[in-house]
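Chemist: Here is a sequence with its predicted model. Questions after.
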Amino acid sequence: MEIDYLTAAELRVWRAFPRGESVDFRPSGDESEAPAPGADWGPERTVRASVVRALLLNGEREDGEIPALKLAGARITGVLDLRYGVIDHAVRLSHCHFEDVPLLYGSRLRQLNLSGSVLPGLTAATLRVEGVLRMTDCRLHGPVRLGGAQIAGALFLDRMEITAPDGPEPALQLNHVSVGDDLWAPGLRTHGELRLNGASVAGSANLNDARLSRPGDVALDAQTLVVEGDVHLRRVHTRGWIGLRGARVAGRLDLSYARLSNPGGPALRASSSSIGELWLRKGPPMEGTLTLRRAQVELLLLEPEVVPDKVLLNGFVYASLDPREPAERRLPMLERDGDGYVPHAYEQLTAAYLRTGDDHAARAVQLAKQRRHRTTLPWYGRLWGHVQDVTVGYGFRPLRACGWLLSLLAVGSLAYALHHPRPLKAAEAPDFNPVFYTLDLLLPVISFGQEGAFAPKGGYQWLSYALVIAGWILATTVFAGVTRTVSRQ
C-alpha cells in the first residue's frame, strides 16, 4: 500500500510503528472511556484493517529502533486477516472497536494485547504467541475461537465478557490450548459454553468471581484439563454444570463460596479426575448432582452444608477429610448416593476417621453401613439383621449383649426363685440356685449342672425354652459381630 492513500489517522499510526511509539485516539488519553460506542467514531479515529495488516506484515523499520504496533481508542474497519502470518513484533490494539471478526487462524505473534476492546468475535485457533495474550476487559458479541492455541506466557481473560448467540458452538473455545504460565480470568463472564477440555496450563488457573451461564447444559467443559498449579473457582456462579471428567489438578481445586446451579441435572462432574486438594465449603448447597465417581483426591475439604440432595460417589478415593465433623453430620451424604448402597463410600469414610484416631466415629459409620446393607436383603436377611442390630449393634455395640444378658438373667432368676422347678432325681439333685440355673439356660456352652437336674412345668417350661433360644441368638450375634470386627482390623 502506498503511503499517499492513508488518511490522517492512518498516517499517524504508520509513522509511529517503526519506532514502537504509542498512538492513542482517546480524548486526552482517557483510559476510562468505554469502547462500546465505537461504531459512531468518525474518520479522525478510524483505521482500516488492511492498513494494520500491511504494517504488521511489511511495515518499515528504522535502524536502532524496535517496531511495534501500539494503538488505542481506534475504530478498525474491515477484516483484519492475519491467517498464517508471522509477526515478529508486539501488537497492542487496546480499547479499540472492531467492526468485523479478526482472523488470526494459524498465525504466529510475539505478543498480542486486545485489552478493553469490543469485537464481534475472534477466530484464532492454533494461534502461536511467544509471550502473553491479553484480553482483559474485552467485550465480545460472538464466539472466541482459540482452540489449539499455544501461548508461551500467560493468558489474561480477566473481566472479559462474551455474549454469543444461542447455538451449539461454545462462547469461548480454549480446548487443547497450551498455556506456559497462568490462565488468569477472574471476573470472566460467558453467556454460552466455556470449553477447556484437553487444555494444559503450566501454572494456575484463576476463575474467581466468574459468571458462567448456559442453563440446562454444560457451562464449563474442562474434561481432561491438566493444571500443574491450582484451579481457583472461588465465588464462581454457574447456571449449567461444570464438567471435570478425567481432569488432573496437581494443586488445589477451590470452589469456596461457589454457587453451582443446574436443578434436575448435574452440578459438578469430576469423575475419574485426579486432584491434590478439593475444597467445597462456605457456599449454599449445590443445585444438582455432585459426581465424584472414581475420582482421586489427597485432601477433601468438604462441609456437609454444601452437599446437594444427590451425590454419586462409587469408587471415590480420598486420603484425608476436613473439617472434623461427627459421623452423624457426614452420613447423610452417603445416604443420598444415587447409586443406592455403595459399600466403598462407607469404607472410605471409616478410613478417614481411623486416620484421625476417631474410633467412635469409625464404628458409627460401619454400623450405618450394615443398616444400609440390610435394606438390600430379602425379608429373612432383614429380619436377622434387625436381631443383630438390636442385640449387639452388628458387633459395634458389644455392651448391648451384656445388657440383654443381665436383663434376661434377672427375669429368669426372679421367676425361678419364686417357683422352684422340681428335681428330676431328688436324691441326686444339687441344691437349686435360680441364678446359676438361669445361666445354664442362657449360656449354650458353659454348664453349672443345674439345667439337667431340674424340670420346670407349664409356663416356666416355656420360659426356659425362651431363655435357651435367647442365649443362642445372643451367642451367635456376638460371635458374628466379633468376627466382623476382627476381620476388618
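Modeler: Ah, there it is.
Chemist: For the stretch 301-450 of the chain, which segments count as strands?
Modeler: In the stretch 301-450 of the chain, the segments counted as strands under DSSP state E, counting those that start in this stretch are 310-312, 317-322, 422-423.
Chemist: Show the contacting residues for residue 425.
Modeler: residue 453 (CB atoms under 8 Å, 6 or more residues apart in numbering). Glycine gets a C-beta too; all of them are placed from N, C-alpha and C.
Chemist: Distance of it relative to residue 355?
Modeler: The gap separating residue 425 from residue 355 is 62 Å, by CB to CB, to the nearest Å.
Chemist: quick one: low-confidence parts of this structure?
Modeler: Residues of the chain that meet the criterion pLDDT under 70 lie in 1-4, 29-36, 387-402, 426, 476-489.
Chemist: how about the helices in it?
Modeler: For the chain, helices defined by DSSP state H occupy the ranges 8-16, 49-58, 327-335, 343-355, 359-374, 379-392, 399-418, 434-442, 459-488.
Chemist: any chance of the strands of the stretch 301-450 of the chain in JSON lines, plus mean neighbour count and distance to residue 339?
Modeler: Shown next, in JSON lines, are the strands of the stretch 301-450 of the chain (neighbours: other CB atoms under 10 Å; distance: least, CB to CB, whole Å):
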{"stretch": "strand 310-312", "mean neighbour count": "20", "distance to residue 339": "6"}
{"stretch": "strand 317-322", "mean neighbour count": "17", "distance to residue 339": "16"}
{"stretch": "strand 422-423", "mean neighbour count": "13", "distance to residue 339": "61"}
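Chemist: any chance of those strands in JSON lines, with distance to residue 62 too?
Modeler: Shown next, in JSON lines, are the strands of the stretch 301-450 of the chain (distance: least, CB to CB, whole Å):
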{"stretch": "strand 310-312", "distance to residue 62": "64"}
{"stretch": "strand 317-322", "distance to residue 62": "61"}
{"stretch": "strand 422-423", "distance to residue 62": "127"}
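Chemist: rewinding a little: of the helices of the chain, give the one that comes closest to residue 88.
Modeler: Closest of those to residue 88 is helix 49-58, at 9.4 Å (criterion: CB to CB).
Chemist: List of residues touching the closest one?
Modeler: Contacts of helix 49-58 (CB under 8 Å, 6+ apart): 1, 6, 10, 13-14, 17, 69, 71, 76-82, 85, 87, 89, 91, 93, 100, 102.
Chemist: right, and residue 121 touches residue 144 too?
Modeler: Yes - the criterion here is CB atoms under 8 Å, and residue 121 meets it with residue 144 at 6.6 Å.
Chemist: For these two, indicate the residue with more neighbours.
Modeler: The residue with more neighbours, out of residue 121 and residue 144, is residue 144; 26 against 19, by other CB atoms under 10 Å.
Chemist: So the more buried one sits against residue 122, correct?
Modeler: Yes - at 4.7 Å, residue 144 and residue 122 qualify as touching, with contact defined as CB under 8 Å.
Chemist: buried set for stretch 169-177?
Modeler: Of the residues in stretch 169-177, 170, 171, 172, 173, 174, 175, 176, 177 count as buried by neighbour count, 16 or more other CB atoms under 10 Å.
Chemist: Tell me how far the fifth one lies from residue 278.
Modeler: Computed with CB to CB, the distance linking residue 174 and residue 278 is 22 Å.
Chemist: before we move on, the earlier item: derive a PyMOL selection command for the buried subset of the contacts of helix 49-58.
Modeler: In PyMOL, the members of the contacts of helix 49-58 classed as buried (16+ other CB under 10 Å) are selected with the following command:
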select buried, resi 6+10+13+14+17+69+71+76+77+79+80+81+82+85+87+89+91+93+102
